[in-house]
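A.B. asks: I need the structure of the sequence given here:
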Amino acid sequence: MRILVIEDDAALARSIGALLRAGGNAVDHVATGEDALSVVAGEPYALVILDVGLPGIDGFTVLETLRRRGERVPVLMLTARDALDDRVRGLDLGADDYLRKPFEPEELEARVRALGRRRGGDPLPVLSVGTLTINRSTGDADIAGRALDLRRRERAVLEALATRAGRVVPRALLIGEVFGFDEPVGDNAIEVHVTRLRTKLAPDGPGIRTVRGVGYMLDAG
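C.D. replies: Next up, the predicted model:
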């Protein structure tokens, strides 16, 4: 997934980013509400992690503005506050989940995975396409029991294709989900990962078709 972290604590933001990238996600970071509102408008995020206690425009105002603009991206709010009224306010403004600081990394990862599955319309942690099985909780993937050794971005590309199996996935969408905005993207970056995936899925896994000038499609069955 492509995830935006809105957090003014630089050390915490780095920790969250490292944790999520290790799970195969592309992560961007901004430290203010003003930057968040600007960035979300132009990027295809699958999830926003939003700190309540931002300087200037606070997290509640950011969330309210996003929902008023019609942004439907799932939002996980982070807060050091323990007041019930704050949690209720955030949920009423349109937050999808709430996590109180300090939190355990495993809980953050689990909540991120759950929100990602909910956004994709599939709440199940295991995704199956023909002989391919992807466990989105652990990141493991196999073909009829044969474990696949996938790099982080290969796993991200494969999951993006698998969640849309049988449909053409535009190359631009794959780039948006796999790479952050501060990461260099070569002209053939996606093609390289697709070529490696084809080799690893063969001979008994689903094929990946190239739709010239558009993108790629994972065979549905």
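
A.B. asks: same for the helix ranked longest in the chain, what does it pack against?
C.D. replies: Using DSSP state H to assign secondary structure, the helix with the most residues in the chain is helix 105-119. Under the contact definition 3 or more CB pairs under 8 Å, 6 or more residues apart in numbering; DSSP states H and E, helix 105-119 sits against helix 10-22, strand 47-51, strand 75-79, strand 97-100. Any C-beta I mention is one placed from the backbone N, CA and C, and that applies to glycine too.

A.B. asks: can you tell me the strand partners of the last one and which way each runs?
C.D. replies: Paired strands of strand 97-100, with direction, are strand 75-79 (parallel) (DSSP bridges).

A.B. asks: so what touches the strand it pairs with?
C.D. replies: 7, 47-53, 59, 63, 66, 86-87, 90, 94-101, 103, 111-112, 115 (CB atoms under 8 Å, 6 or more residues apart in numbering).

A.B. asks: hmm, try it at 7 Å
C.D. replies: The contact list for strand 75-79 (CB atoms under 7 Å, 6 or more residues apart in numbering) reads 7, 47-53, 59, 63, 86, 90, 94-101, 111-112, 115.

A.B. asks: now swap in stretch 32-51 and tell me
C.D. replies: Residues outside stretch 32-51 that contact it (CB under 7 Å, 6+ apart): 1-8, 16, 28, 30, 54-59, 61-63, 65-66, 71, 73-78, 112, 115-116, 119, 173, 176-177, 181.

A.B. asks: list buried residues within those.
C.D. replies: Buried positions within these, assessed by neighbour count (16 or more other CB atoms under 10 Å), are 1-7, 16, 28, 30, 54, 57, 59, 62-63, 65-66, 71, 73-78, 112, 115-116, 119, 176-177.
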